[in-house]
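# Please find the sequence and the predicted model below.
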Amino acid sequence: MGLLLIALGIPVYLISGLTIHKYFNTGKLATNGIYAYFRHPIYGAWIVFIVPGIVFAINSLLGMTIPFFMYAVFKVLIVREDNYL
């Protein structure tokens, strides 16, 4: 299960990164590609796929709290980022 989540998360992360890299110097918001479907796909890839996948792979019950903590922290940071953009 952990490897499956990681295998799903890495492409989402890479596609998101390549899309945002394309728009970074243009001064425009990325609103097409994966950004047309998800508001923050880079954060989502880490919170939903990659970190839980790593936690499942190492079989850590306590580690399952990490994605919830990350969500709370990113929720605060996302507001600041959205206001900046």
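Here it is on my side, so go on.
# Tell me the first helix or strand C-terminal of the top helix by length along the chain.
Longest helix in the chain, counting residues (DSSP state H): helix 2-24. Downstream of helix 2-24, the first helix or strand assigned by DSSP states H and E is helix 41-44.
# avg pLDDT for that next one?
For helix 41-44, the mean per-residue pLDDT is 93.
# Quick one: residues in contact with that helix.
12-13, 15-17, 20, 34-35, 38, 74, 78 (CB atoms under 8 Å, 6 or more residues apart in numbering). Quick note: C-beta positions are derived from backbone N, CA and C, even for glycine.
# now those: which count as buried?
Buried members of the contacts of helix 41-44, scored by 16 or more other CB atoms under 10 Å, are 12-13, 15-16, 20, 34-35, 74.
# how about those residues in a markdown table, adding pLDDT and distance to Phe68?
Formatted as a markdown table, the buried ones among the contacts of helix 41-44 follow (pLDDT from 0 to 100; distance: CB to CB, whole Å):
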| residue | pLDDT | distance to Phe68 |
| --- | --- | --- |
| Val12 | 96 | 19 |
| Tyr13 | 96 | 20 |
| Ile15 | 95 | 25 |
| Ser16 | 95 | 22 |
| Ile20 | 90 | 25 |
| Ile34 | 92 | 24 |
| Tyr35 | 91 | 25 |
| Phe74 | 90 | 11 |
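# Phi first, then psi, for the residue lying farthest from the centre of the chain.
In the chain, Thr26 marks the outermost C-alpha relative to the chain mean, sitting 22.3 Å out by CA atoms, centre = their mean. When read as degrees, to the nearest 10, the backbone of Thr26 gives phi -90, psi -20.
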